[in-house]
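> Got a predicted structure here, sequence first:
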Amino acid sequence: MDRVTWRTQVLSNHLNQPSMSSPLSPNPCVGFSPPELSEPFEFDTKEMRKLLDAHNLEDRDWLFGLMKQSKPFNPREAGGRVFVSPDYNQSMEQQREMTMKRIAYLLDRGVFEGWLTEKGVEAELRKLALHEVIGIYDHSLSVKLGVHFFLWGGAIQFFGTKRHHDKWLRDTENYTIKGCFAMSELGHGSNVRGIETVTTYDSNTGEFVINTPCESAQKYWIGGAANHATHTIVFSQLNISGKNHGVHAFIAQIRDANGNICPNIRIADCGHKIGLNGVDNGRIWFDNVRIPRENLLNSVADVSPDGQYLSAIKDPDQRFAAFLAPLTSGRVTIAVGAILSSQISLAIAIRYSLTRRAFSVTPKGPEVLLLDYPSHQQRLLPLLAKTYAMSFAANHLKMIYVKRTPELSKTIHVVSSAFKATLTWHNMRTLQECREACGGQGLKTENRIGPLKGEYDVQSTFEGDNNVLMQQVSKALLAEYIAAHKRSKPFKALGLEHMNKPCPVIPSQLTSSTLQSSQFQMDAFCLRERDLLNRFAMEVSERQKQGESKEYSVILSYQLAQDLGRAFSDRTILQALLDAEAGVPSGSLKNVLAMLRSMYALICLEEDPAFLRFGYLSTDNVAAVRKEVSRLCGELRPHALALVSSFGIPDAFLSPIAFNWIDANSWSSVQH
């Protein structure tokens, strides 16, 4: 057949559409079935949510509803449902503009009322609850608000006195003033004591003069500085008559009311980031910027008009520690935010795994739900148990923070440092596992998990690099150890009271009932912590005997320091979960909390090499732990949907693949 005839025949067949003598009979397409139809709840999810959220549930739900119904929060329809989330496909400039529009919207509706001007535990808990809801919607928005209220506003509260409170707090709460927090520099981040910005006092004029003496002293990563902030807290070395008095905090105006940069100040943008582009991070240089003497935040130290340095805290180390107080609130909110991010990603990934099928295990049999595969359970359910445990730990941290007293300052610093590191590391691991567990759907921006990875990556390093924080935790434990031995008195702080008791003994044979015993679990955690603390103290002491300084001895012992920091954090988290479990009456809710507690404890035993490295567990016992983790995955599987539903995150704040992902990806949805 020549080519022309062949093409004519092909066209003819297309046009005439001859009927087929044996039409194909297609198999039924994959269909979506809501998991609620086949996954009964065996405990009260509302009661579980009360435990997890702990406070201000009505305030949370009010703000969830406000955002869901509001155009600035980008509502869109997919699969017959409305979802709200930022548009991460917007440019950096557009994302920043939308962040400010959302702040203005929330401000007009009274969301921030009392955040700085009301005092007391109830007011502080309400602020934290609303800030958490905002973070569930968008990390950029919560960080922008965190910088303004918790860092700028918190610095004025902590470091300022009545004159500062009267002048600045109301205008900050009303957003008449837009504040930022200039601590980090190009050359110094975690090492705040080494910052190079210099402020000198001019007794002739009664002014402080702020200078950026070199490029490494430029203030860097300052949230809010690039576009919007009108004022900043400047952390700087204070120099009076040639003497350096260390780091102090000052208020400086950087823009006027019209947004124009003030004289003698230069500002540049930090540029596009892998996430958090709704926050305008900037760089600031100060060139002989003069500010009134009253702009020194003087609760810790003051300077008289004639240039006399005044402070009730004579020890420079204690004075410096006092200037780091606002970072504690930042670490509290970071730790809580990390767990909320983990909750979002697990709710999405687990819901998807309860409706998405793959492969058959029998000839012509139905395809199997992802979460019915033991390997998929092993990927997600231990992370779910850890997220539950850390949720209770975050609540514990919040409560000791809002009820803080001077006697608790050390405990709050150590626990917030440990939890900030542990919970943010856990969050990044959870986000990655959930992304992979959702396959290709996990790559889509609309399904949230991918963008959350970029948004939350920063948490591992801002307001304290996690590795540095863990070393601070270990140094604090070492100080308690040395003090207890010098005084020959029992341990009384940081939960180390278990060091006063006989050393726990781990049974040579671990049965399932033993492994699920809370006494065994706590014994194993305490054994690890006390042994690592003893080893750490001994190693540091040996290095000092060899002529090393104490500081350098601690640095050289970084491996034990990291192990010890993890042991302290794990044990403190387990205690928070045990306390939550103890407060629940017998019944289905208590039973599932016990399962979660056992999964949390045993997955920590399995994943930390220290248990095998230092012989706390034998190889046979490690194998028994691993087997029990697998068994617990099977026990938790029927509760998976109820557990993620208990997070209380409204459907609109999840993603299309958490629900009818077939309708959300249908051709009609493309045309719509």
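Yep, that arrived.

> Any idea what residue 368 is bridged to?
residue 358 (DSSP bridges).

> Can you verify my assumption that it contacts residue 359?
Yes - Residue 368 lies in contact with residue 359 (C-beta atoms under 8 Å); the separation is 6.2 Å. C-betas here are computed from N, CA, C, even on glycine.

> Compare neighbour counts for the two and give me the winner.
Relative neighbour count places residue 368 above the other of residue 368 and residue 359, with 15 against 9, counting by other C-beta atoms under 10 Å.

> for the residue lying closest to residue 543 once chain neighbours are set aside, what are its contacts?
Nearest in space to residue 543, with sequence neighbours left out and distances taken as C-beta to C-beta, 6 or more residues apart in numbering, is residue 553 at 3.7 Å. By C-beta atoms under 8 Å, 6 or more residues apart in numbering, the contact list for residue 553 reads 539-541, 543-544.

> Please indicate which of these are buried?
The neighbour count (16 or more other C-beta atoms under 10 Å) marks 539-540, 543 as buried among the contacts of residue 553.

> how far away is residue 76 from residue 382?
From residue 76 across to residue 382, the span is 34 Å (C-beta to C-beta, to the nearest Å).

> Settle it for me: which of these two has more neighbours?
Neighbour count, other C-beta under 10 Å: between residue 76 and residue 382, residue 382 has more, with 22 against 13.

> So which residues of the stretch 1-150 of the chain form helices?
3-16, 45-53, 57-68, 92-108, 121-137, 139-145 (DSSP state H, counting those that start in this stretch).

> got the phi/psi numbers for the most centrally placed residue in the chain?
Nearest residue to the geometric centre of the chain (C-alpha atoms, centre = their mean): residue 338, 2.5 Å. The phi and psi values for residue 338, taken as degrees, to the nearest 10, are phi -60, psi -40.

> Now do it, the pLDDT please.
Looking at residue 338, its pLDDT stands at 98.

> now do residue 19
Confidence for residue 19, expressed as pLDDT, is 56.

> can you check residue 33 too?
Residue 33 is assigned 92 on the pLDDT scale.

> Worst mean pLDDT across the helices and strands of the chain, which element?
Lowest mean confidence among the helices and strands of the chain (mean pLDDT, DSSP states H and E): helix 3-16, at a mean of 76.

> So which bits of it are buried?
By neighbour count with 16+ other C-beta under 10 Å, helix 3-16 contains no buried residues.

> Check stretch 453-468 too.
Those would be 453-460, 462-464, 466-467, for stretch 453-468 by 16+ other C-beta under 10 Å.

> if we can go back for a sec, residue 315: which of the buried ones among the contacts of residue 553 is nearest?
Using C-beta to C-beta, residue 540 comes nearest to residue 315 of those, at 22.8 Å.

> The host helix or strand of the closest one packs against which elements?
Assigned by DSSP states H and E, residue 540 belongs to helix 518-545. If you count contacts as 3 or more C-beta pairs under 8 Å, 6 or more residues apart in numbering; DSSP states H and E, helix 518-545 packs onto helix 466-487, helix 550-556, helix 558-582, helix 588-607, helix 610-613.

> Between those, which one is closest to residue 364.
Using C-beta to C-beta, the helices and strands packed on helix 518-545 put helix 588-607 closest to residue 364, at 35.5 Å.

> Which one of the buried ones among the contacts of residue 553 is nearest to residue 633?
Using C-beta to C-beta, the buried ones among the contacts of residue 553 come closest to residue 633 at residue 539, 37.5 Å.

> before we move on, the earlier item: which of the contacts of residue 553 sits closest to residue 404?
Nearest member of the contacts of residue 553 to residue 404, counting by C-beta to C-beta, is residue 540, at 30.0 Å.

> Pretty sure the closest one sits against residue 550.
Yes - shown here, residue 540 and residue 550 form a contact pair, counting by C-beta under 8 Å, at 7.0 Å.

> Let me see the contact set for the closest residue to the residue nearest to the centre of the chain other than its chain neighbours.
Spatial nearest neighbour of residue 338, chain neighbours left out: residue 427 (3.9 Å); criterion: C-beta to C-beta, 6+ apart. Residues near residue 427 by C-beta under 8 Å, 6+ apart: 338-339, 341-342, 456, 459.

> give me that answer again for 7 Å
338, 341-342, 456, 459 (C-beta atoms under 7 Å, 6 or more residues apart in numbering).

> what's the answer for residue 566, then?
Residues in contact with residue 566, defined by C-beta under 7 Å, 6+ apart, are residue 608.

> Check the one 4 residues further on too.
Contacts for residue 570 (C-beta under 7 Å, 6+ apart) come out as 525, 604.

> And the pLDDT for it?
98.

> residues near residue 589, how many?
By other C-beta under 10 Å, neighbour count at residue 589 equals 19.

> correct me, but it touches residue 46?
No - the criterion here is C-beta atoms under 7 Å, and residue 589 misses it with residue 46 at 10.4 Å.

> before we move on, back to that, can you give me the distance of the residue nearest to residue 338 to residue 135?
12 Å.

> what do you get for residue 611?
Distance, residue 611 to residue 135, using C-beta to C-beta: 34 Å.
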